[in-house]
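>>> output the structure for:
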Amino acid sequence: MLDTHVLIWYFIGSDQLKSRQKEEIEKVRNHSGQLLIPTIVLAEALDVAEKGRVEFNFSAMYDLIQKHGSFEITGFSQTIFEKTRQIEKITEIHDRIIVATASFYESGVMTKDEVIQDSGEIETL
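Presented below is the predicted three-dimensional model:
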């Protein structure tokens with residue numbers, strides 16, 4: 001699963017993306033795997049683009065995600081909401097939703113977020 005910064009950095013080819021993360025993304029894409037993108041990550045990326053915090057074409061990124069089978073958009077269901085309520089070590093609600101989504105799909109999260117990394121709630125890269 002990709003967190004917001006990792007998704008944006010991968011899309012724009014940023015040097016801020018860790019080489020391990022880029023290699024893992026490429027490995028998944030080249031071997032017909034699935035990279036999960038929660039809808040909350042898309043919403044955060046849209047917000048970043050609209051506020052101009054990072055200069056990139058959100059529509060082009062969204063089109064790429066929709067068209068390529070290596071990306072799968074995951075929704076925010078009631079079951080994921082229930083998992084979100086159980087996460088106590090992460091206070092930021094968007095991050096809690098991302099971690100809960102990863103937990104639901106039994107996936108790790110590629111993230112730069114130290115709170116998520118240090119929480120022990122989910123495997124991170």
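>>> all contacts plus neighbour counts: C-alpha atoms, from now on.
Fine.
>>> off-centre distance for the helix or strand encompassing residue 84?
Under the assignment given by DSSP states H and E, the secondary-structure element containing residue 84 is helix 78-86. Averaging C-alpha coordinates over helix 78-86 and over its chain gives two centres that are 17 Å apart (C-alpha atoms, centre = their mean, to the nearest Å).
>>> and the average pLDDT for that helix is what?
Average pLDDT, helix 78-86: 97.
>>> residues in contact with that helix?
Residues from elsewhere that reach helix 78-86 (C-alpha atoms under 8 Å, 6 or more residues apart in numbering): 96, 97, 99, 100, 101, 103, 104.
>>> ok, 7 Å please
Residues external to helix 78-86 that are found in contact with it (C-alpha atoms under 7 Å, 6 or more residues apart in numbering): 96, 97, 100, 101, 104.
>>> and those, which is closest to residue 29?
The shortest approach to residue 29 among the contacts of helix 78-86 belongs to residue 101, at 20.4 Å (C-alpha to C-alpha).
>>> name the SS class of that closest one, please.
What DSSP: H, G, I helix; E, B strand; the rest coil gives for residue 101 is helix.
>>> how near is the spatially closest residue to it that is not a sequence neighbour to residue 99?
Setting aside the residues directly before and after it, residue 101 is nearest to residue 80 in space (C-alpha to C-alpha, 6 or more residues apart in numbering), at 5.8 Å. The gap separating residue 80 from residue 99 is 9 Å, by C-alpha to C-alpha, to the nearest Å.
>>> settle it for me: which of these two has more neighbours?
Set side by side, residue 80 and residue 99 show more neighbours around residue 99, with 29 against 21, by other C-alpha atoms under 10 Å.
>>> in terms of helices and strands, where is the nearest residue to the more buried one once chain neighbours are set aside?
Excluding the flanking residues, the one nearest residue 99 by C-alpha to C-alpha, 6+ apart is residue 122, at 6.6 Å. Using DSSP H and E, residue 122 is not contained in any helix or strand.
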